[in-house]
Structures are given as structure tokens and as C-alpha cells.
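In: Build me a structure from this.
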Amino acid sequence: MSPLANRPGRLKIGVVGAGRVGAVLAHALRGCGHEVTAVSGASAESRERIEVLLPEVPIVDPDDVLKGNDLVLLTVPDDVLPDVVAGFAKLGLFSPGQIVVHTAGRYGTDVLAPATEQGAIPIAVHPAMTFTGTSVDLGRLEGAPFAITAGPAMLPIGQALVVEMGGEPIVLPDEAHEVYHAALAHGANHLVTLVSQARRILERAGVQETGKLFAPLLGAALEGALVSGDYALTGPIRRGDVGTIAAHVEALARTNPEILPTYRELARATTSRALELDFLSPAAAVQIVDVLEGTNAAADIAAPGTRVATTISELHGLLTRRRRAVVMTMGALHEGHLELVREAKRRAEEVVVTVFVNPLQFGENEDLDAYPRTLAADVEKLTTLGVDVVFAPTVQEMYPQRRITLRAGEMGTVLEGAARPGHFDGMLTVVNKLLGITRPDVALFGQKDAQQLALIRAMVADLNLDVDIVSVPIVRDRDGLALSSRNAYLSATERESALILPRTIRAGEEAAAAGAGPEGTLAAARHEFSSHADDVRLDYLALVDPATMTAYEAGTEEPALLAIAATVGNTRLLDNAVIQWRPEPPPGSSPTLENE
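Out: Predicted coordinates:
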């Protein structure tokens, strides 16, 4: 039974703003047995809508809608909602226990804070459908998704309201509303613009019944996108048909010049996504962008001095006999990657950067498909730094026949290896292949991935590879968080929580600098984490030998690695520091005072 059924006499409901949404939802709630006692509507259209959908419901001033009602439905435009709520609160119109529901997709319950302060119960309910403001909408409510945001105690009330109207409740976090609404507006509203433009193109060409022509094609495309996402993409960009795209541009420039900018922007976005998913080679993508822009886009992506190779033979044709450094990345470059490149330029005459999202490093439940792929932006950054060659191979180029892989051994099963089984096997396999392909004198890796660094050094030693492995210190953001491509997954709240990782590492460093030994250093780090990390899930916090990743043995006086891994929200983060122990003073010695 609905939680609302326990309220005596069901609910008395007032509606502020009987527009297309408010009148329809109020009619649906009335049909469920609730009593709509008052409604406001200023325009002639609103009043006509009220007469049709809410006959005999008194039309009153907005201030009077709130009086004596159990539930107030605020269905006003998004931009005016904050002022409406603040105005009602200033007049003291909200009542303790009164349920206040708004339908603005842009906002969660925070916008109802003035009402909450007066004891009202805030609920955000956004129907993810379009409204005509007529009885046609009533049938469309059946099974329609409604995003709901409310506190744990009030969530069942919001869900029950939606179910009673025939909708399907979907719980939405407060902080997700703006991006949620942007996604819906982009997908639905802009779809209308896009389809209308496409129909105009055909109509100007004299084609009749454009709606009938488009219906099956758009229906199949929409279904494919909803089921398979980007993998439903078909057409000339997916096939790399540059000539066809050039013909499109020429035809639109001649017949529909005002629509051509939209075609170009969407084609560029589609090309970029197709490139990220390996549907297109970088060379084909550059050709397509050339055609779309009518300029030499290759110069934009790879300026003089920087070349992009997508095959091993192309790469070998670009390499010189100069001293060479390689920086291996999976793209989505940040300042940490760029610091590796800067150090590479200091150590070699020729710099090669590889950009390859290695599937062997991702486990079953990891984010291979979601991993950011931003090759064009990455190449632009590398061009600015003067990188000589970017090697961006496809998966097929790297693994045409995957028969042999490397094993990381015992060191690959602890710490990160325990959390990500097989990850280091895949990492060593691709690093070994890329070393053989790029033939560098020096390869640079970041200290943040300390276990990866140790395993690569061990592999190079064990396999007698002729390359110097250089470690580059961790690059941190201004707040101290170690730079990582995964930081982009953090919300603002999660970002603040993630700062416990660098604080934990710093606490251990400070303890060691003050003279604490291994036990005291680890204890200080653990205390810092446990004091401030209620919403961060710790995977490990360990003091280990930086060369073997085994537990550090006290008394050796060799440097140790203090390493931490923790999950913030759904994002797993790493941090570490090499601990240099403070030498103990000789027996019987006493400290020397300055200026003695």
C-alpha cells in the first residue's frame, strides 16, 4: 500500500503555476483520489488549461495556494523557482510537515532550503518527458521515468506519488541535477532542432512526406543508441568515407548554408568519438576534419616538428638515429604526463610519446570503455612541448595475434596486484612491446605508480633490455592531490575527501623526518587516515621495500616506500612517498647549537 494512503483524507494539494506540467500532474493526482484545492495561473492559456483539466478547482493568487494544503506542487519555470521559494518563505507561508514538491529538472532539494527551514518537507520530482499541457499527456505518464530527489525518510513519499500517477521513479542524487538536466536537454531538445533541420534540407530539395521518410531511420538510430551507445554508430564517418563527407559539405554550403555549421560541429564531435573508440585511425580523422573545416586540419593536430604515427611501420619511418626518450601514456594527458615529457626532452634529443589504452591492463569490472580518450587534445598539448613523434596505435596494431604475455610474478600479486589481478601482467606486456617498437635509450615513468615502476625496472634487469628507466617525482595539484586521469571522476565533495591521501602520506613523512622509525612512521600515517577518512575506503596503507614491494625490514636504514590506495566514491586513487630515514646520532654525542 502507498505510504500516502496512511494520511487521513488523503492529501490536499495546491498547485503554483498551472502550466503544461502542473495542470497535467495535478489532474493525475486528482484522479488518484487526492483533493486539488487551489491552483494559480496568470495567463489566459493557463486558465483555459485549468478549466479543461482541473474543472471546479478555485483559481487563486499564488500566496493563497499554500494555505491549508498538505502538499504544494511548484511547477514554475526553472529560472524563477529560487525567487518563488524565497518569496513564500519570507512571508512565512510554508507550514511544518507540509510537503513541497518542485518539478524543475535543474534543481535538487537544495533550492527548497528556505521552505525546509520553516519545517516543510522538500522533494524534487522531474518527469523525464515532454508535455503538451493536454489530456494527451495523461496516457504518456504511464511508465514515464520520474527523477526523484529527497531525504531517506521522505523518498518513499515521492516514489509513491510517482507510482500513483503511473510513472517509474528513479532516484537521483542532489548533486547530479544540473548535469542530469543538461543531458536530457541536449538529448531531447537538441534532437528536435537536429531533426527539424534535416527535414528542412529535404523539403527545400522538393522531397515530400519527410516525416514518413525519417521515422524508421530515426527510430532505429534512437533504439540503437539507447541499447548500444556509440557502438550503434553507422554512416560515412564510421566508415571513414572522406569523399562522401566532402560532398555533404559542398551540398549544404550551396543549398542550406545556415545549417552547415550544425553539420560541421556534430560531424567533428562524431569524428572525435569514433577516433577515441578506434573506429577511425588518426590519419582518417585528420582527413575528415580537413574536409569539415576547409583548412589544413593536419597542421592543427600535428604542427611542424610533430608527427602522428598509427602503425609500427609509420613510426619506424619517422624515427631518427638521435638519442631517444619514450614516455608511455594511455592518453587523457594531465600535468603529470607533461612533466614526464619535459624531463624526457632534458635527457634526449628525440622524444616519442605513446598513446594507447591497453585492454590487457583492465579487469572485468574496470572502466576500459569509459576510460577517457582525447587524442586530438593530447596531441595538441604534446605539440606545444615540442614532442617529435606521437605513436597512437590501434588495439589490432598492437595485438594482431596475442600469443605470449609476460607474468609479473610474486611482486605483481601484492598491493595493487592483489586489488587488480592480472593488471601488471598486461602492463609489463605492453611496456615490453612498446620498448621494442620505439627502441629508446631512456624511458620515463612517474613515481605515483611506484609498483609499476619497480616491476618495469625488474623486467628490464631480468630480460637484459638496453634502456635506462628514469623515475619522475609525483606532480601534485595545488591542493596536494597527486595528479591522475581518474581525478576527473571525482565530484567536488569526493575531491575534498580524497585529500586524506596526501595528508596521510605527509603525516608519515613528517614523522620520519622527526626521527620516528618504521613503526612510528606507519603509525603516524594510520592515525592521520583514521582521524579524517570516514567516507574513504582504505585498500592498503603499507611501508614496503621500493624495489621488491615486500614488507619493509626495520634496521636496514635503506629508503622505504610509504604507499596508500583508497577508494573515494567509485574512484580508486593512489599516493606514495619514498621515506629517507633520519640518521641516529652516535652514542654519547650531543646536539650542536647554532652560533655556539
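
In: Can you report how many residues lie near the closest residue to residue 278 other than its chain neighbours?
Out: Closest residue to residue 278 apart from its sequence neighbours, by CB to CB, 6 or more residues apart in numbering: residue 394 at 5.0 Å. Every C-beta, even on glycine, is put in place using the N, C-alpha and C of the backbone. Using other CB atoms under 10 Å, the number of residues around residue 394 comes to 16.

In: ok now do residue 394, which residues does it touch?
Out: By CB atoms under 8 Å, 6 or more residues apart in numbering, the contact set of residue 394 is 278, 281, 310.

In: Could you tell me which ranges of the stretch 451-596 of the chain sit under the pLDDT cut-off?
Out: Applying pLDDT under 70 to the stretch 451-596 of the chain flags the ranges 583-596.

In: And the strands in it?
Out: Counting by DSSP state E, counting those that start in this stretch, one finds strands in the stretch 451-596 of the chain at the ranges 468-472, 536-544, 560-568, 571-579.

In: Give me the residues contacting the second one.
Out: Strand 536-544 is touched from outside by 415, 418-419, 497-498, 500-501, 504, 508, 518, 521-522, 525-526, 529, 550-552, 560-568, 572, 579, with contacts defined as CB under 8 Å, 6+ apart.

In: which of the residues you listed are buried?
Out: Listed as buried from these are 415, 497-498, 500-501, 504, 508, 518, 521-522, 525-526, 529, 552, 560-566, 568, 572, 579; burial here means 16 or more other CB atoms under 10 Å.

In: So in this protein, where's the weakest helix or strand by average pLDDT?
Out: Ranked by mean pLDDT, DSSP states H and E, the weakest helix or strand in the chain is helix 297-301, scoring a mean of 39.

In: where does the chain dip in pLDDT?
Out: Scanning the chain residue by residue, the ranges that satisfy pLDDT under 70 are 1-9, 294-305, 365-367, 583-596.

In: So for it, the centremost residue is which one?
Out: Geometric centre of the chain, nearest residue: residue 489, 4.7 Å, by CA atoms, centre = their mean.

In: In this structure residue 210 contacts residue 203, no?
Out: Yes: contact criterion CB atoms under 8 Å: residue 210 and residue 203 qualify, at 6.0 Å.

In: out of those two, which sits in the more crowded spot?
Out: Neighbours per residue, other CB under 10 Å: of residue 210 and residue 203, the larger number sits with residue 210, 17 against 11.

In: wait, what's in contact with the more buried one?
Out: Residue 210 makes contact with 198-199, 202-203 under the criterion CB under 8 Å, 6+ apart.

In: Tell me where the stretch 251-400 of the chain has strands.
Out: Using DSSP E, counting those that start in this stretch, strands in the stretch 251-400 of the chain cover 307-309, 324-329, 350-355, 389-391.

In: Now tell me what touches the third one from outside.
Out: What it means is strand 350-355. 315, 319-320, 322-331, 341, 344-345, 375, 378-379, 382, 386-393, 434, 438, 440.

In: same check, this time on the second one
Out: Outside of strand 324-329, the residues within contact range by CB under 8 Å, 6+ apart are 337, 340-341, 344-345, 347-356, 378, 430-431, 434-435, 438-445.

In: cool, and the first one?
Out: Outside of strand 307-309, the residues within contact range by CB under 8 Å, 6+ apart are 282-283, 286, 301-302, 315, 317-318, 379, 388-392.

In: buried sites along it?
Out: For strand 307-309, by 16+ other CB under 10 Å, it's 307-309.

In: same deal with stretch 545-557?
Out: Neighbour counts over stretch 545-557 (16+ other CB under 10 Å) mark 545-546, 549, 552 as buried.

In: Next, the distance between the ends of that stretch.
Out: The straight-line separation of the ends of stretch 545-557 (CA to CA, to the nearest Å) is 11 Å.

In: Backbone dihedrals for residue 168, please?
Out: Torsion angles at residue 168 (phi, psi; degrees, to the nearest 10) stand at phi -120, psi 110.

In: give me phi/psi at the closest residue to it other than its chain neighbours?
Out: Spatially, and ignoring its direct neighbours in sequence, residue 168 is nearest to residue 145 (5.0 Å; CB to CB, 6+ apart). The phi and psi torsions at residue 145 (degrees, to the nearest 10) take the values phi -80, psi 140.

In: what's the spacing between residue 145 and residue 44?
Out: Separation of residue 145 from residue 44 (CB to CB, to the nearest Å) stands at 32 Å.

In: ditto for residue 431
Out: Separation of residue 431 from residue 44 (CB to CB) stands at 71 Å.

In: can you check residue 411 too?
Out: Distance from residue 411 to residue 44, by CB to CB: 77 Å.

In: Settle it for me: which of these two has more neighbours?
Out: residue 411 (17 against 8).

In: what about that one, which SS state?
Out: Applying DSSP: H, G, I helix; E, B strand; the rest coil to residue 411 yields a three-state assignment of helix.

In: who touches the nearest residue to it once chain neighbours are set aside in this structure?
Out: When the adjacent residues along the chain are set aside, residue 411 lies closest to residue 549, with 5.2 Å between them (CB to CB, 6+ apart). Residues near residue 549 by CB under 8 Å, 6+ apart: 411, 414-415, 451, 454, 561.

In: Tell me which stretches of the stretch 51-200 of the chain form strands.
Out: Using DSSP E, counting those that start in this stretch, strands in the stretch 51-200 of the chain cover 71-74, 99-102, 121-127, 145-150, 168-171.

In: can you put these in a markdown table and add distance to residue 400?
Out: Below are those laid out as a markdown table (distance: least, CB to CB, whole Å):
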| stretch | distance to residue 400 |
| --- | --- |
| strand 71-74 | 60 |
| strand 99-102 | 56 |
| strand 121-127 | 49 |
| strand 145-150 | 44 |
| strand 168-171 | 44 |
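
In: Which of these sits closest to residue 469?
Out: The closest of the strands of the stretch 51-200 of the chain to residue 469 is strand 168-171. By CB to CB, the value is 48.3 Å.
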